[in-house]
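> Curious how this folds, go ahead:
(one chain, ligands or ions: 1)
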Amino acid sequence: MNGCLYICATPIGNLGDISERVLETLKEADLIAAEDTRHSMGLLSHFDIHKPLISYHEFNKVERARELVDRMLSGTKVALITDAGTPVISDPGEVLVKAAKEAGIPVTSLPGPCALITALTLSGLPARRFVFEGFLPMEGKDRRQVLEELKEERRTVILYEAPHRLKRTLGELADALGGGRRLCLCRELTKIHEEALDMTLEQALAAYEDTEPRGEYVLVVEGKTDEMVSQERAAKWESRTPQEHLADFMAQGLSKKEAMKAMALAFGKSKSEIYALINK
Ligand code: SAM
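Alright, predicted model coming up:
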């Protein structure tokens with residue numbers, strides 16, 4: 001007989017946000033896998049749940065997933081929880097879900113609190129299309145590459161950040177996207193001191209100039225708008241003469257005709273306008 005894996009979302013601050021279904025599942029599970037068992041003990045005893053706990057975290061996720069799969073294959077019902085919010089989302093869980101599915105174990109997810117969704121819904125920024133980056137890579141090439149990609153990102157961008165790294169991240173985002181880029185700086189969501197401040201990256205940096213960030217943060221950053229794209233395009237167009245732009249395109253191996261067509265496309269102009277400017 002197979003067991004089952006239940007992915008259980010738990011509160012990100014306000015204990016009232018736990019769902020009835022999660023409580024029932026935790027009470028019925030044979031085993032609860034938790035990121036930090038001591039931390040989760042507090043949550044579970046608050047709800048009078050007393051079940052065996054096993055640690056499942058970043059540093060044991062591969063071996064522990066194997067062990068948990070074996071136990072589920074012999075019928076154990078395992079509930080996976082994390083320190084806060086939805087397991088798997090910037091938290092361990094992915095490896096276990098994959099291993100369970102590969103072993104043919106039924107997996108089900110019980111939805112609930114998640115900081116990124118809570119922040120997005122509070123931000124007032126476009127929510128139809130968004131991209132979740134989680135925590136930016138800490139250092140070096142990977143971090144620079146993500147920041148570089150974000151420069152062109154048209155969708156709303158959601159980031160997690162720890163308080164001691166907030167200023168650095170705000171500074172680097174301002175360098176990459178411009179200090180005028182809007183964001184909703186969300187802090188301590190669902191808790192007493194919840195904030196969702198609409199500001200620019202520059203204003204956020206100024207707000208923390210003499211204050212140390214405290215608490216948990218989600219940054220919801222406006223994507224590059226149509227207006228920004230046209231302003232950049234206009235500035236690029238103005239930076240050189242039409243003949244210089246043509247020379248740039250031809251230097252890429254295009255014929256004069258092809259280069260004029262490419263220019264029209266790149267600068268949002270009609271082919272006849274480009275033709276007239278070049279042949280003036
Ligand atoms: N799995 C969690 C979820 O579903 O949102 C996220 C876990 S991740 C390790 C922790 C990060 O989530 C924090 O550093 C912070 O960026 C964000 N976070 C979690 N709880 C939060 C809260 N109450 N307010 C703001 N951000 C929060």
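> average pLDDT for the strand or helix carrying R71?
Assessed by DSSP states H and E, R71 sits inside helix 61-73. The pLDDT scores in helix 61-73 average 97.
> For it, C-alpha coordinates in CSV please.
C-alpha atoms of helix 61-73 as CSV (Å, rounded to 0.1, in the frame of the first residue of the first chain):
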residue,chain,number,x,y,z
LYS,A,61,17.2,17.0,1.1
VAL,A,62,18.6,14.4,-1.2
GLU,A,63,19.2,11.5,1.3
ARG,A,64,16.1,12.4,3.3
ALA,A,65,13.9,12.4,0.2
ARG,A,66,15.1,8.8,-0.5
GLU,A,67,14.3,7.8,3.0
LEU,A,68,10.9,9.5,2.9
VAL,A,69,10.0,7.9,-0.4
ASP,A,70,10.9,4.4,1.0
ARG,A,71,8.6,5.1,4.0
MET,A,72,5.8,6.4,1.7
LEU,A,73,6.2,3.3,-0.4
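> What strands flank the helix or strand following that helix, and is each parallel or antiparallel?
Later in the chain than helix 61-73, the nearest helix or strand by DSSP H and E is strand 77-81. In the sheet, strand 77-81 lines up against strand 4-8 (parallel), strand 31-34 (parallel) (DSSP bridges).
> re the thing from before, anything in the helix holding R71 near the ligand?
No - taking Cβ under 6 Å from any ligand atom as the criterion, helix 61-73 and the ligand are apart, separated by no less than 13.6 Å. Glycine gets a C-beta too; all of them are placed from N, C-alpha and C.
> List the contacts of that helix.
By Cβ atoms under 8 Å, 6 or more residues apart in numbering, the residues outside helix 61-73 that reach it are 2-5, 31, 33, 54-56, 76, 78, 92, 95-96, 99-100, 103, 105.
> let's see it at 6 Å
Residues from elsewhere that reach helix 61-73, judged by Cβ atoms under 6 Å, 6 or more residues apart in numbering: G3, Y56, V78, P92, V95, L96, A99, A100, A103, I105.
> quick check, nearest of those to R38?
When these are compared for distance to R38 (Cβ to Cβ), Y56 wins out at 13.6 Å.
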